[in-house]
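Asks: let me see the structure of the following:
(chains A and B)
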Protein chains: 2
Amino acid sequence: MFQIKTPYLLFLGAATDQLAAKTARGINDWRPENVIAQMRLEKCQADLGIKDMGLQEAWDNGARTLVLGVANRGGIIPSHWIDLLQDALEIGYDIANGLHNKVRDIDEVAGLATKLDRNIYDVRHPSETFLVGSGEKRSGKRLLPVGTDCSCGKMYTALALEKEMRARGMNADFRATGQTGILIAGSGVSVDAVVADFMSGAVEAITPAHNDDHWDIIEGQGSLFHPSFSGVTAALIHGGQPDALVACHEPTRTHMRGLAHQPVPDLGELISLTTIMAKIVNKDARFVGICVNTSNMEKDTIDSYLRGLEDKYSLPACDPYAQGTASIVDTL
Amino acid sequence: MFQIKTPYLLFLGAATDQLAAKTARGINDWRPENVIAQMRLEKCQADLGIKDMGLQEAWDNGARTLVLGVANRGGIIPSHWIDLLQDALEIGYDIANGLHNKVRDIDEVAGLATKLDRNIYDVRHPSETFLVGSGEKRSGKRLLPVGTDCSCGKMYTALALEKEMRARGMNADFRATGQTGILIAGSGVSVDAVVADFMSGAVEAITPAHNDDHWDIIEGQGSLFHPSFSGVTAALIHGGQPDALVACHEPTRTHMRGLAHQPVPDLGELISLTTIMAKIVNKDARFVGICVNTSNMEKDTIDSYLRGLEDKYSLPACDPYAQGTASIVDTL
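Replies: Model (predicted):
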């Protein structure tokens, strides 16, 4: 498995708003120690609130990888970035790209990287070969967040758990399964881009056997209840063989993301179905907490809602962003 | 979606035993009307019991596609087949290949096919682009066999059901999701070779909206209980949105195929978990029968075993090979 060199220079291009730079923001929020500066083009409307530097200045300050941490329409790499990417390679940078389109497909950039022996990481496109998953029990512990829907806080939950566990001196590593997570961790696999036969094997590859006291905190993807992506979630559960599961939920959502016809299940359905699936590969699998994205809730209803979940499911319930995950880590 | 031209000339190469020609045998068993002859090289140890013909004779008798229906060590295409493939293209044949290695990767064959405007179908390697699955309800009916394990008779069950339904004048089409099935049907997608994000979309593509009285009989793959392939099965359930499910089982198996550590679930577990998953996209989904592969059972125990299943699960239970699937089709 590759490991992207740190620290990073975060390239925001001409991002049209803050949301377009959310990949870069995620990196800076969760791994500020890996970030030297941001680099913005004219008319960039995003700002991470950190130093702006050019390629040479950031290099001189220690940056070793240029990260394309910005969403473009259609995931396309604009042609006027090519000179800049070539300059970066000449200076000494590797390039890590979170966009759909591959930097490796730009011949003049890929050719220069080969000539100069630089690495290009198109993190949405796994380049490794994986084995078919075996489901054999591995040493070490694993935790997986699962959601009632896509995009309800599974990556955030995993990173918040890793942070809390590390703060307590626990031996925990976030294991990335999507492009933003990979740029945060510097390693991982975009599981949704792996060929079906090898999905669970890819998850096994990023969560190998480890010390008995070590926790892999695996980034969740999709939902068993989301018809578009349930297969990816099944592979994460069976490849990750989690000991601990965390249920993630966004209570104000009226239907599954992108599917107006598809209702969101309740937390009880999520816990019940996921437990059956997880016990197929790990008979000790159990839920250890509930993480709620409360950002769209009325402020004065949040506390009673969370206490209601705790009573109903006998699990600690929290908003990992607003309250942290201490109550969940207490149970591990 | 492509449609491979029929009828076929089945090429068995120098198959080392009957088992090596099982793809060709499957085609001849289920679609004898699509088969003109077999073609065998010196030392071939397999024999389908049909006429042997060379390329020109079979062409003159109507054959239009040369089918590589034989398993080779590592799925490799031997170099001495290349002349033969080129001769076939020159005569007028398309080529359909069930091996892992692609005929399209043999430059001199691919180039000649392009020049002569012939089709090459490497059926293990989907060449279409699929959308992300939507899970939206489509018209028409769908049936999916699911298994307690891989390789326990799901394709056979689907084909036997299609045959029985067609014999009764029902409007039913087998929908192939693996290489042998594709060569039998002349169309389909090897779902286990599709990129994860598009698995359920690929299943939706091969089971589109249809007349209300039409049944898609979908070839099953993997098992929700098989850690290597559960994601593929989940995508088949959610992409196929089956109205009817059939439980497939091989009662003498002591562990999951290829995984000595992994126990085989009982039929009750299979029915329970699959029903939960299927109702996520089709609230009317229900099991309609049980198909048992009895080939390894003691003959005098089969009948009482099947009657025991019928009592326990209140579903018709049969061996589709030995007894046919009439009792299941009666319920549709």
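
Asks: can you give me the strands in the stretch 201-332 of chain A?
Replies: A:214-218, A:244-249, A:286-292, A:317-318 (DSSP state E, counting those that start in this stretch).

Asks: how far off strand A:244-249 does the third one point, in degrees?
Replies: I take that to be strand A:286-292. 30 degrees (axes from the mean of the first three to the mean of the last three C-alpha atoms, to 10 degrees).

Asks: residues from the stretch 201-332 of chain A in reach of chain B?
Replies: A:201, A:224-235, A:237-239, A:241, A:259, A:261-262, A:265, A:272-273, A:276-277, A:280-281 (C-beta under 8 Å from any C-beta of the partner chain). In this view, the C-beta of every residue, glycine as well, is placed from N, C-alpha and C.

Asks: what subset of these is buried?
Replies: Among those, the ones that count as buried by 16 or more other C-beta atoms under 10 Å in any protein chain shown are A:201, A:224-235, A:237-239, A:241, A:259, A:262, A:265, A:273, A:276-277, A:280-281.

Asks: sitting in helices, which of the residues of the stretch 201-332 of chain A next to chain B do you find?
Replies: Counting by DSSP state H, the part of these found in helices is A:201, A:230-235, A:237-239, A:272-273, A:276-277.

Asks: mind picking the two most distant members of those?
Replies: A:Gly201 and A:Ser272 (27.2 Å; C-beta to C-beta).

Asks: name the stretch among the strands of the stretch 201-332 of chain A that sits most buried.
Replies: Sort those by mean neighbour count, taking mean count of other C-beta atoms under 10 Å in any protein chain shown, and strand A:244-249 sits at the top with a mean of 26.

Asks: OK, contacts around A:Ala158?
Replies: A:143, A:145, A:174, A:181, A:217-220 (C-beta atoms under 8 Å, 6 or more residues apart in numbering or on different chains).

Asks: what about it, which SS state?
Replies: Recorded secondary structure, A:Ala158: helix (DSSP: H, G, I helix; E, B strand; the rest coil).

Asks: check what pLDDT it gets.
Replies: If you check A:Ala158, the pLDDT there is 98.

Asks: please apply the same query to A:Pro265.
Replies: A:Pro265 is given a pLDDT of 95.

Asks: and A:Ser127, by the same measure?
Replies: 89.

Asks: next, A:Leu12: secondary structure please.
Replies: strand.

Asks: that one: how many residues sit nearby?
Replies: 25 (other C-beta atoms under 10 Å in any protein chain shown).

Asks: can I assume it is in contact with A:Ile50?
Replies: No: in this structure, A:Leu12 is not within contact of A:Ile50 by C-beta atoms under 8 Å, at 10.6 Å.

Asks: okay, and the common contacts of the two?
Replies: A:Gln38.

Asks: name the nearest residue to A:Val246, sequence neighbours excluded.
Replies: A:Pro145 (4.4 Å; C-beta to C-beta, 6 or more residues apart in numbering or on different chains).

Asks: so which residues on the stretch 51-200 of chain A come close to chain B?
Replies: Residues of the stretch 51-200 of chain A lying close to chain B (C-beta under 8 Å from any C-beta) are A:132-137, A:191-197, A:199-200.

Asks: change it to 10 Å
Replies: Within the stretch 51-200 of chain A, the residues that sit near chain B (C-beta under 10 Å from any C-beta of the partner chain) are A:125-126, A:131-137, A:190-200.

Asks: what's the PyMOL line that selects buried ones from those residues?
Replies: Paste this into PyMOL to select the buried members of these, with burial taken from 16+ other C-beta under 10 Å:
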select buried, chain A and resi 125+126+132+133+134+135+190+191+192+193+194+195+196+197+198+199+200
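
Asks: quick check, pLDDT for the residue in the stretch 151-300 of chain A that chain B sits nearest to.
Replies: Relative to chain B, the nearest point of the stretch 151-300 of chain A is A:Pro227 (2.8 Å; C-beta to the nearest C-beta). For A:Pro227, the pLDDT comes out at 96.

Asks: hmm, back to that, looking at the residues of the stretch 51-200 of chain A next to chain B, which are in helices?
Replies: A:199-200.

Asks: how about the closest residue to chain B within the stretch 1-150 of chain A: what's its closest non-neighbour residue?
Replies: As assessed by C-beta to the nearest C-beta, chain B sits closest to A:Gly135 within the stretch 1-150 of chain A, at 2.8 Å. Residue nearest to A:Gly135 in three dimensions, not counting chain neighbours: B:Pro227, with 2.8 Å by C-beta to C-beta, 6+ apart.

Asks: ok, now how distant is the one you found from A:Lys312?
Replies: Separation of B:Pro227 from A:Lys312 (C-beta to C-beta, to the nearest Å): 31 Å.

Asks: before we move on, back to that, contacting residues for the residue nearest to A:Val246?
Replies: Listed by C-beta atoms under 10 Å, 6 or more residues apart in numbering or on different chains, the contact set of A:Pro145 reads A:152-158, A:160-161, A:217-221, A:236, A:242, A:244-248, A:289, A:291, A:320.

Asks: contacting residues for the residue lying farthest from the centre of chain A?
Replies: Distance from the C-alpha centroid of chain A, by C-alpha atoms, centre = their mean, peaks at A:Lys115 (31.6 Å). The neighbours of A:Lys115, taking C-beta under 10 Å, 6+ apart as the test, are A:Leu89.

Asks: what's the per-residue pLDDT of it here?
Replies: So, for A:Lys115, pLDDT stands at 98.

Asks: where are the low-confidence patches of the stretch 151-300 of chain A?
Replies: Counting by pLDDT under 70, the stretch 151-300 of chain A shows no low-confidence range.

Asks: now do 90
Replies: A:151, A:254, A:257-258 (pLDDT under 90).

Asks: buried set for stretch A:317-332?
Replies: So, applying 16+ other C-beta under 10 Å, buried residues of stretch A:317-332: A:317-321, A:323-325, A:327-329, A:332.

Asks: out of these, which sit inside helices?
Replies: Short answer: these in helices (DSSP H) are A:327-329.

Asks: and those, which is closest to chain B?
Replies: A:Ile328 (25.8 Å).

Asks: so that closest one sits against A:Cys248, correct?
Replies: No: contact status for A:Ile328 versus A:Cys248: not in contact, 11.4 Å apart, counting by C-beta atoms under 10 Å.

Asks: biggest separation within the contacts of A:Ala158, which pair?
Replies: A:Leu143 and A:Gly181 (14.4 Å).

Asks: okay, A:Ala88: pLDDT?
Replies: 98.

Asks: tell me, how many residues neighbour it?
Replies: With other C-beta under 10 Å as criterion, A:Ala88 counts 27.

Asks: quick check: which element contains the nearest residue to it once chain neighbours are set aside?
Replies: The shortest distance from A:Ala88 to any residue other than its chain neighbours is 4.5 Å, reached at A:Leu66 (C-beta to C-beta, 6+ apart). Element membership of A:Leu66, judged by DSSP states H and E, is strand A:65-68.

Asks: show me what that strand packs onto, helices and strands only.
Replies: For strand A:65-68, the packing partners by 3 or more C-beta pairs under 10 Å, 6 or more residues apart in numbering or on different chains; DSSP states H and E come out as strand A:8-13, helix A:22-30, strand A:35-40, helix A:55-60, helix A:82-91, strand A:94-97, strand A:120-122, helix A:179-185.

Asks: skip the chain neighbours and tell me the closest residue to the residue sitting nearest the centre point of chain A.
Replies: In chain A, the residue lying closest to the centroid (C-alpha atoms, centre = their mean) is A:Gly181, at 2.8 Å. Closest residue to A:Gly181 apart from its sequence neighbours, by C-beta to C-beta, 6+ apart: A:Glu219 at 4.4 Å.
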